[in-house]
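In: Okay, predicted coordinates and the sequence, questions at the end:
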Amino acid sequence: MKESLEARMIRLDKVGLHYGMAGRLRWGGQPQAALHDVSFTVPSGGFRWLQGASGAGKTSLLRLLHLELRQTTGQVKVLSTDIASLGRRQLPALRRQIGMVFQDFRLLPHLSAFDNVALPLRLARCDERQLRADVAEMLAWMELDHKAVERPSELSGGEQQRVAIARAVVGNPRLLLADEPTGNLDDAQALRLMRLLDELNRIGTTVIVATHNDALVARHPGRVLRLDEGRLVADE
Amino acid sequence: MNSRLSPRIKPPRDVLGLRRALGSRMLPLLVAAMNFLAALSLAGAMQAQSVAHHWEMGAARAVTVQVPDPDLPVPRSSNGPELSRLEAVLRQVQRNRDVEHVRQVSGAELANLLRPWLGADADAAGLRLPGVIELRLARADADLTDLARTVASIAPGSNVEAHEAWMAHLLRLAWALEACAAAVVLVVTLVAMVVVVVATNAGLSARREAIRIVHGLGATDGYIAGRFAARVASAAALGGMLGVAAALPVLVGIATLVTPLLGGVAMQWPTTWAQISPLWLALPAMPLLAWLLGYLTAQVTVRRWLRSLP
C-alpha cells in the first residue's frame, strides 16, 4: 500500500553528508564523505533495523535523524518536517519528540541515574510530581530502582546503558533511535530491551535500531536498512 | 518506590555542572579589582567636580579692584571730606547694591603676598603698590560694567578684575579629570567584559560534552545560556561587592582629604537626600552593574558558541 505523505515519519531523498566542509572551505582540505545519495522512507509507527559494517555510516545517519548534523545535499524530513525549513528556535521542540540511545551512553556524570532519566522531562517542563512517578516507574522497569541515586561512575556498563535507554524512552518519544543499544547488555537484558522496543513500536513509536548483532535481528524479524561505505545498499 | 525516592531526590540546580566549571575564584577576584578601580575613578571624578563647583561658586562672585596711586587725593566735592583715591573707590563700591561684602587688603597683607617675588621689603624696592579691594558680589551673574566705569571715573587707571579667566582654567581641569575618569571606567568595563568572556569560554570548553547532551535532549539556547549567565553574573556581583568593600575605606579617606577644600566643614551624616553625594548612591549600584554586565556578556558569549551546534 502506498504511504500517504502525512504517514511518512522519516523521508530521506538523495541525502549526502560530508564531514569537514568548513575545513575544506577554509584550508582546502578534502571533505570526508559519510553518506552518499541515501534515500528511504519510514512510515509513522514503522520499525527498521539499521545494519552495516563499522564505518558504514550508521551512526552518522542516526545523528542526522537526531538533528545533530545537517545534510550536505538532498532533503531530510523527520517527524514529517523538512529540517531545512526549520529555524533554530523550532529545533528543540522537535528534538524533544525524538529519543536517542547513544552507543557511548552520553550520561551526565555529575547527575544521579534518576536525574539523568528525568532530564528530558525537566527540559520539557513537565510537572515534577508526575515526572517523579514516571521516572521511578521507568527505573523500576529497568531494574535500576535501587541505583536511582547513584552517579554513572558508580554504575556498571550495562547499568549505564539501561539508564541511557530509560532516558530515551521516558518521554514516550514519537521517534526512537538506538545506536547499538544491546552492546553492553547480557542476553536476558537484551531480550527485555527488545520487548520494550516492541511495546513502544506497538503503541505507535517509530523505531530505528542500529546493530551489529545478527542474532538479535534474526530473533526479531523486521525491515532492514543496510549501509555500505555510506551508501544504502538494501531496504528490505 | 516513588515515596522512597522523594525525600532523597531533589531537582538538580546545576544540570550542566557549572559549579565546578565556573567555580574558579579568579572571576570574582578580577571583577573585584575592576570594580575597585572603577570606584576610585568615579570617586576622583565626582570629588574633582564638587571641588570645582565649590570653587566656581566662590570665585564667580569674587572681584578684585586695583587702584593705582591709592593715596593721591581726589578732587573734593562741594561739602564732602577730602578723600584719597582708594577711600573714594571704597566708599563708591560700598554703595553698590550688587556688592555684598567689601574688604580692603591692607598694605601688610599685600606685602606678604608679594614677598615671594619682591623680597621682605617691597617699599625698599621703590615700587608703588596699588591699593587692593576685594569684593564679594551678591549674585554671580552681576554686571560689573557700571561699577568699572564708576571706579575709573573716580580713580583713572583703576582695574576691576573678575576671576573668570582663573575659573575657566579650573573648569577645564575638572573637565579633564572627569574625562580621564570616564576613560578609566570605560577601559575597566571593557577589561571586565573580556574577563567574563574568557571565563565563560573556559566553562564552555570544560562542559562541552554536557552542553551537547542537553542540547540533543531538546534544551533551548536560552536554557543553556541562562544557566551560564546566572552563574557568571552571581560571580561578577560577588566581585562587585568585594571591590566596593575594598574601595570604601579609600573613598572615605579621599572624602576626608577633600573636605577642607569644600569649606573646611567636617564630614557629617547627611540629613536630606540633596546632601547625599551621588558617589554614595553610585557605590551600591556597582555590584548590580557588575551582575548585569556579567549576565549580558555571558548570554552573548554562550549564544554565539551555541551557533556552532546545529
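Out: Nice, I can see it. Numbers count the residues shown, from 1 in each chain, chains lettered A, B, ... in the order given.
In: Looking at the chain, which helix is longest?
Out: This is for chain A. helix A:187-202 (DSSP state H).
In: ah, no, chain B please
Out: From DSSP H, the single longest helix across chain B is helix B:164-206.
In: May I see the buried residues of the helix or strand following it?
Out: Using DSSP states H and E, the helix or strand that follows helix B:164-206 towards the C-terminus is helix B:208-216. For helix B:208-216, the neighbour count (16 or more other Cβ atoms under 10 Å in any protein chain shown) marks B:210-211, B:213-216 as buried. Where you see a C-beta, it was placed from the backbone N, CA and C, and this is true even at glycine.
In: Quick check: which of those are also close to chain A?
Out: Subset of those in contact with chain A: B:210, B:213-214, B:216, counting by Cβ under 8 Å from any Cβ of the partner chain.
In: Please render those residues as JSON lines that adds pLDDT to the earlier fields.
Out: JSON lines is the format used below for those (pLDDT from 0 to 100):
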{"residue": "B:A210", "pLDDT": "93"}
{"residue": "B:I213", "pLDDT": "93"}
{"residue": "B:V214", "pLDDT": "94"}
{"residue": "B:G216", "pLDDT": "92"}
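In: Pull up the residues of chain A that are close to chain B.
Out: Going by Cβ under 8 Å from any Cβ, the residues of chain A near chain B are A:66-70, A:88-89, A:91-93, A:95-96, A:100, A:106-112, A:114-115, A:118-120, A:122-124, A:128, A:132-133, A:136-137, A:139-140, A:145, A:148-149, A:167.
In: Inside strands: which ones of these?
Out: Mapping those onto strands (DSSP state E) picks out A:M100.
In: For the spatially closest residue to A:R167 that is not a sequence neighbour, which residues are in contact?
Out: Of all residues not flanking A:R167 in the chain, A:V117 sits nearest, at 4.8 Å (Cβ to Cβ, 6 or more residues apart in numbering or on different chains). Shown in contact with A:V117 (Cβ atoms under 8 Å, 6 or more residues apart in numbering or on different chains): A:135, A:138-139, A:163, A:166-167, A:170.
In: ok, now with 6 Å
Out: Applying Cβ atoms under 6 Å, 6 or more residues apart in numbering or on different chains, we find A:V117 in contact with A:135, A:166-167, A:170.
In: How many neighbouring residues does residue 158 have?
Out: Going with chain A. 15 (other Cβ atoms under 10 Å in any protein chain shown).
In: Can you look at chain B instead?
Out: 23.
In: Could you double-check that it lies in contact with B:V151?
Out: Yes: using Cβ atoms under 6 Å, B:S158 is in contact with B:V151, at 4.8 Å.
In: Show me the shaky parts of chain A.
Out: Along chain A, segments meeting pLDDT under 70 span A:1-7, A:20-31.
In: How about it: which residue is closest to chain B?
Out: When scored by Cβ to the nearest Cβ, chain A has A:R96 as its residue closest to chain B, at 3.5 Å.
In: Now do stretch B:175-189: distance to the chain's middle.
Out: Between the centre of stretch B:175-189 and the centre of its host chain there is 10 Å, according to Cα atoms, centre = their mean, to the nearest Å.
In: Mind listing what's buried along it?
Out: Going by neighbour count (16+ other Cβ under 10 Å), the buried part of stretch B:175-189 is B:177-178, B:181, B:184-185, B:188.
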